[in-house]
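In: 3D, please:
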Amino acid sequence: MTDAPVLVVTALGDVTADLVLDELHGRDVPAVRLDPGADFPDTANMSIRIEADTFTGELTTSTRHLNLSGVRSVYWRRPTPFGAPRNAVSPEQRFAAEQSRHGYTGALTGLPGALYVNHPSRNRDAENKSRQLITAARLGFAVPDTLITSVPADARKFASDHGSVIYKPVHRVHLACEDGRNRTVWVRTVGADELDDSIALCPHLFQACIPKIADVRLAAIGDKVFASRIDIDGDHLDWRQDQSLISCSPIAVPPPVREAVRAFLHAFGLTFGAFDFALDADGRWWFLECNPNGQWAFVDEPTTLAITSALADMLQKGITA
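Out: Numbering: from 1, shown residues only. Predicted structure coming up:
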C-alpha cells in the first residue's frame with residue numbers, strides 16, 4: 001500500500017489542491033494530478049478492462065503512468081468541465097464530447113477500493129440547499145427560520161412577520177448574462193415591499209436575518225473539525241463579496257456543533273465538508289450551509305496547515321481512514 005498512488009482530480013491553478021499535493025509529496029506519497037476535461041485526449045489517455053470479476057486500468061498523462069486498480073484514494077476537487085456538446089460543430093464532435101464526459105468520468109468515479117474525498121455524486125446530492133436545511137434542522141443544528149417558496153403572498157408575509165429577512169439562491173450563486181459573463185447573486189436583505197409576483201417563476205429561499213457578530217468557516221475531515229472565525233471590516237452581509245476586508249482566526253468548536261457536523265457528513269455520505277455558520281452575541285452557531293467541496297485555503301495559517309495535514313492523512317491512509 002505504501003506505493004499505491006493518490007489521484008488528485010482538479011484544474012491547474014487550484015491553490016487548495018496545491019497545498020495537499022505539496023504535503024503528500026513531502027511525505028513521499030505518490031500522487032498524480034489529472035484534469036480530465038482539459039487533459040483528454042491531447043495529453044492523457046486511458047484504458048480499463050472488466051473481465052470476470054476483476055478490474056484493471058491504465059492512465060497515462062504527459063508526465064506519469066498510473067495503474068488505476070492500485071489507486072488508494074481520490075481527491076476530487078474542481079476539474080475543468082468537459083466541453084458542452086451543444087457547442088461542438090458537427091454531430092460527430094457532439095457525440096465525442098458526450099462520450100468523453102461519461103466514459104472518462106464514469107471510469108474515474110468507479111475505482112474499486114479507493115477512498116473518495118468526496119465522490120462527485122455525493123457532492124451533487126449534498127449541494128442541494130433545501131435538503132441541507134431539512135437535514136441540518138433534523139440533526140439539531142440551530143437553523144434560521146426559513147421559507148422556500150414560489151408563492152408571492154407567502155414570501156411577503158414571511159418578510160413582514162420577521163421584519164428583516166435575507167434572500168439567497170436555492171442553487172449556486174451565478175447568473176449567466178447575455179454578454180456571456182457570470183453575475184454573482186450575493187446574499188442580501190429584502191423587505192416585503194420588494195417582493196413582487198415574479199417570485200412565482202421559481203422557488204426562492206428566504207431566511208430570518210441573524211444578528212451576527214461574525215461568521216465561521218468550519219472544515220470537517222472525517223471525525224476532525226477545524227474552524228476559523230471570520231470578521232469583516234465593513235458592513236457586507238456576505239463576506240465573500242470582498243475577501244480583502246476579512247480577517248480570520250482559529251475558534252474552538254462547541255461539542256454540540258461538532259457532533260452535528262459529524263452526523264451531517266454521515267447523512268450525506270461525505271468524508272469532507274466546508275460549513276458556514278453565523279455567530280451571534282450569545283455565542284450561538286447558526287447553520288447557514290455546507291459546501292461539500294468548499295474552499296479553506298483562505299483562512300488563518302494555523303487552521304489552513306491543520307486542514308492540509310488532516311486531508312493528507314486521510315488520502316494517505318485511503319480506505320482505512
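In: and the strands in the stretch 151-300 of the chain, which stretches?
Out: Secondary structure of the stretch 151-300 of the chain (DSSP state E, counting those that start in this stretch): strands at 165-168, 174-176, 182-184, 188-190, 204-208, 212-221, 224-232, 246-250, 272-280, 285-291.
In: can you lay out these as CSV showing mean pLDDT, distance to residue 3 and mean neighbour count?
Out: All C-beta spots, glycine's among them, are computed from the backbone N, C-alpha and C. Formatted as CSV, the strands of the stretch 151-300 of the chain follow (pLDDT from 0 to 100; distance: least, CB to CB, whole Å; neighbours: other CB atoms under 10 Å):
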stretch, mean pLDDT, distance to residue 3, mean neighbour count
strand 165-168, 91, 46, 20
strand 174-176, 61, 41, 11
strand 182-184, 70, 42, 11
strand 188-190, 86, 52, 14
strand 204-208, 95, 48, 21
strand 212-221, 96, 24, 21
strand 224-232, 96, 26, 20
strand 246-250, 95, 36, 17
strand 272-280, 97, 25, 22
strand 285-291, 97, 33, 21
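In: out of these, flag the one nearest residue 96.
Out: Evaluated over the strands of the stretch 151-300 of the chain, closeness to residue 96 peaks at strand 174-176, with 24.8 Å, by CB to CB.
In: can you pull out the strands in the stretch 1-150 of the chain?
Out: 6-9, 31-34, 45-51, 54-60, 65-67, 73-76, 115-117, 146-149.
In: can I get the strands of the stretch 151-300 of the chain in TSV with distance to residue 307?
Out: Shown next, in TSV, are those (distance: least, CB to CB, whole Å):
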stretch	distance to residue 307
strand 165-168	25
strand 174-176	26
strand 182-184	25
strand 188-190	30
strand 204-208	27
strand 212-221	5
strand 224-232	5
strand 246-250	11
strand 272-280	9
strand 285-291	14
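In: picking up where we left off before, so which of the strands of the stretch 1-150 of the chain is the most packed in?
Out: strand 73-76 (a mean of 25; mean count of other CB atoms under 10 Å).
In: got the contact list for that strand?
Out: With contacts defined as CB atoms under 8 Å, 6 or more residues apart in numbering, strand 73-76 is touched by 6-10, 17, 20, 108-109, 111, 114-120, 123, 293, 311, 314-319, 321.
In: need the CA coordinates for it. PDB is fine.
Out: C-alpha atoms of strand 73-76 as PDB (Å, rounded to 0.1, in the frame of the first residue of the first chain):
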ATOM      1  CA  SER A  73      -7.700   7.400  -2.700                       C
ATOM      2  CA  VAL A  74      -9.100  10.100  -5.000                       C
ATOM      3  CA  TYR A  75      -9.200  13.800  -4.000                       C
ATOM      4  CA  TRP A  76     -11.900  15.100  -6.300                       C
END
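In: separation between the closest residue to residue 5 other than its chain neighbours and residue 213?
Out: Distances taken as CB to CB, 6 or more residues apart in numbering put residue 30 closest to residue 5, at 4.3 Å, once the chain neighbours are dropped. Distance of residue 30 to residue 213, computed by CB to CB, to the nearest Å: 45 Å.
In: got a list of what the residue nearest to the spatial centre of the chain touches?
Out: Taking CA atoms, centre = their mean, the centroid of the chain lies closest to residue 293, which sits 2.0 Å from it. By CB under 8 Å, 6+ apart, the contact set of residue 293 is 76, 77, 78, 118, 123, 272, 274.
In: can you check residue 3 too?
Out: 30, 70.
In: which residues of the stretch 1-150 of the chain fall in helices?
Out: In the stretch 1-150 of the chain, the helices defined using DSSP state H, counting those that start in this stretch lie at 15-26, 36-39, 91-108, 120-126, 129-138.
In: so which elements touch the longest one?
Out: Under the contact criterion of 3 or more CB pairs under 8 Å, 6 or more residues apart in numbering; DSSP states H and E, the helices and strands touching helix 91-108 comprise helix 36-39, strand 45-51.
In: right, so of those, which gets closest to residue 186?
Out: Comparing these by CB to CB, helix 36-39 comes nearest, at 27.9 Å.
In: what is the mean pLDDT for that closest one?
Out: Average pLDDT, helix 36-39: 92.
In: buried ones among the contacts of strand 73-76?
Out: Burial by neighbour count, 16 or more other CB atoms under 10 Å: within those this picks out 6-10, 17, 20, 108, 111, 114-120, 123, 293, 311, 314-316, 318, 321.
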